[in-house]
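Student: The following block contains a protein sequence and its predicted model.
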Amino acid sequence: MAYSDKVIDHYNNPRNVGSFPKETPGVGTGLVGAPECGDVMKLQIKVNLDTGVIEDAKFKTFGCGSAIASSSLATEWLKGKTVDEAAKIKNTDIVNELKLPPVKIHCSVLAEDAIKAALTDYKEKSAARVVGAAS
Amino acid sequence: MALKFPIFMDAQSTTPVDPRVLDVMLPYFTERFGHPASRNHSFGWEAENAVDRAREQIASLIGARDPKEIIFTSGGTESINLALKGVAEMYREKGNHIVTTAIEQRAGLDVCKRLERQGFEVAYVPVGADGLIDVDLIRRAITDKTILISVMFANNEIGTIQDISSVGKLAKEKGILFHTDATQAVGKVPVNVEAMGVDLLSCTAHLIYGSKGVGALYVRRKGPRVRLAPMIDGGGHERGMRSGTLPVPLIVGFGRASEICREVMPEESARLAKMRDRLQDAILSSVDEAYLNGHPERRLPHNLNISFAYVEGESVLMGLNKESALASGSACTSATLEPSYVIAALGASTELAHSSIRFSLHRFTTGEEVEYVGRRTIEVVQRLREMSPLYELAKEGVDIKSIHWKAE
């Protein structure tokens, strides 16, 4: 299968590979996929607690080149967005940007799931902190 | 010598035509273009003689007693189709049961699936963790309705070589026909249909430095005389089992390729095995949690299959494919998203089945190429592990199986 130039670029020069400590305030972690399906993505966001803007994002991915590229691209797009804006990233945006073939669309779906999971984790932790602070 | 890129290390998918093979083929495209079934002029006789010589060369490589036992086809897939469907149709009155293995190549499995839809029953015998079939399991799978046992000689992914002689003996004892898919073994390791008790054998030219587009099915003529219902009807060529004009240039090349393999096999297999072992040692000694798939000794000399835990096969190949050509068991490279059923059949975790890489060497592989591919593979796997959330979790001491994964 021929890969698009953008997929190759993200594979060769992945953006934002790495991890944040999960318990740092403002960090949201999404871990999606399954090893037996051949794809696991860990995507993390670091939100500025004052502004609600995603200041940084990191990923680690087990999967094919398209899965790596999808998650790498997602971290690029997340940076600078508010939490609400981030929730609007759709898998089809990733498909279009990376020109993923039909058999690789599941990679973009997984990246969208990873974004949603990281946002949910961030929101749950913030809510817990608010509850914790109030009591 | 300077390396020439890309390096081809996918020789179990196909091989380049040996220049010596091409040389003998060329005249049969132009001046010696006759139809071997033209019985009344010299063009036909010349072509027929050339085809018969190739039959002898191939018969000699596989230890067949009579060159007439070689039936030409379009390749391994057609040979397997003809063997299985041909026996199934011809011997249907006798029974409707076939015994085969779980790790046959797709052609074998897919034909069996079709036969099942047509009312046949097929037993798929599992393999052990080392890829070997337990002949006793085959014995136990046999019923009084069994008309055919089909066991591959050497596996296309892991290279494991089965105990074909023992299966042949069992088949004789039970009076059941025995087919072996030897596409990966012929020309690489000693194959002898007489000594091994094989009744039908599939092989192909393009894996032994011949051309794509031609294969052969060995069909035993004596003790027992095997009969087959043809898949292709027409002029009654190939003893009525496979009609159609023979591709004479390809067949001539197939013959010469067989002859060369027979001559060079001892030297070539020793040389390839030595390089393969060096590659294996280099990788296994520098990458943790890399696992050899298949039997460590009973395997093809040019095959190496390794699973790299925590990285996915296709992503490894992507890191290498600018400079080298390898294969991954992970069928993520094809249209389906299934992991390798062969690696999975070994009882490996599905995750490891997604992570297998096959290195297959060939006649023209050099030591420098092996060294380069080994070094690059190690680099790519290490880079991908730095990127792998599973590797991170494992290093943190988390048992990956303890995580509740939400599968898509």
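Tutor: Thanks, I have it.
Student: And the helices in chain A?
Tutor: Counting by DSSP state H, chain A has helices at residues A:5-12, A:65-78, A:83-86, A:91-98, A:105-134.
Student: Chain B contacts on chain A?
Tutor: A:1, A:3, A:8, A:11, A:14, A:17, A:19, A:31-42, A:60-65, A:67-68, A:103, A:106, A:109-110 (CB under 8 Å from any CB of the partner chain). Glycine gets a C-beta too; all of them are placed from N, C-alpha and C.
Student: Just the angle for the least confident helix or strand in chain A by mean pLDDT relative to helix A:91-98, thanks.
Tutor: In chain A, no helix or strand scores lower on mean pLDDT, DSSP states H and E than helix A:105-134, which sits at a mean of 90. Here helix A:105-134 runs at an angle of 130 degrees relative to helix A:91-98 (axes from the mean of the first three to the mean of the last three CA atoms, to 10 degrees).
Student: confidence score at residue 96?
Tutor: All of this is about chain A. Residue A:96 is assigned 96 on the pLDDT scale.
Student: Correction: the question concerned chain B.
Tutor: 98.
Student: Can you report how many residues lie near it?
Tutor: With neighbours defined by other CB atoms under 10 Å in any protein chain shown, the count for residue B:96 comes to 19.
Student: Phi first, then psi, for residue A:51.
Tutor: Here is the backbone geometry of residue A:51 (degrees, to the nearest 10): phi -100, psi -20.
Student: What distance do you get for the nearest residue to it once chain neighbours are set aside to residue B:345?
Tutor: Closest residue to residue A:51 apart from its sequence neighbours, by CB to CB, 6 or more residues apart in numbering or on different chains: residue A:82 at 7.8 Å. Look at residue A:82 and residue B:345: by CB to CB, to the nearest Å, they are 50 Å apart.
Student: Comparing the two, which residue is more hemmed in?
Tutor: residue B:345 (21 against 13).
Student: residue contacts, the more buried one?
Tutor: Counting by CB atoms under 8 Å, 6 or more residues apart in numbering or on different chains, residue B:345 touches B:102, B:103, B:126, B:127.
Student: Skipping its backbone neighbours, what lies nearest it in space?
Tutor: Spatial nearest neighbour of residue B:345, excluding adjacent residues (CB to CB, 6+ apart): residue B:102 at 4.7 Å.
Student: repeat for residue B:327
Tutor: That would be residue B:358: by CB to CB, 6+ apart, it lies 4.4 Å from residue B:327.
Student: Can you pick out the most distant pair from the contacts of residue B:345?
Tutor: Within these, B:103 and B:126 form the most distant pair, 8.7 Å apart (CB to CB).
Student: neighbour-wise, which of these two wins?
Tutor: Between residue B:103 and residue B:126, counted using other CB under 10 Å, the more crowded position is residue B:103 (29 against 13).
Student: I'd guessed the more buried one sits against residue B:155; true?
Tutor: Yes: shown here, residue B:103 and residue B:155 form a contact pair, counting by CB atoms under 8 Å, at 5.6 Å.
Student: For those two, list the residues in contact with both.
Tutor: B:131, B:342.
Student: what sits against the residue nearest to residue B:345?
Tutor: By CB under 8 Å, 6+ apart, the contact list for residue B:102 reads B:124, B:125, B:126, B:127, B:341, B:345.
Student: Tell me the one of these nearest residue A:95?
Tutor: When those are compared for distance to residue A:95 (CB to CB), residue B:341 wins out at 28.7 Å.
Student: Can you give me the neighbour number for residue B:219?
Tutor: Here the number of neighbours of residue B:219 (other CB under 10 Å) works out to 27.
Student: Could you do the one 4 residues further on as well?
Tutor: Under the neighbour criterion other CB under 10 Å, residue B:223 is assigned a count of 11.
Student: how close does it get to chain A?
Tutor: Look at residue B:223 and chain A: by CB to the nearest CB, to the nearest Å, they are 48 Å apart.
Student: And that residue, how far from residue B:366?
Tutor: For residue B:223, the distance to residue B:366 equals 45 Å [CB to CB].
Student: Give the full set of residues in contact with residue 39.
Tutor: Reading this off chain A. A:33, A:61, A:62, A:63, A:64, A:67, A:106, A:107, A:110, B:312, B:408 are the contacts of residue A:39 under CB under 8 Å, 6+ apart.
Student: with these in mind, which one is nearest to residue B:134?
Tutor: Using CB to CB, residue B:312 comes nearest to residue B:134 of those, at 31.4 Å.
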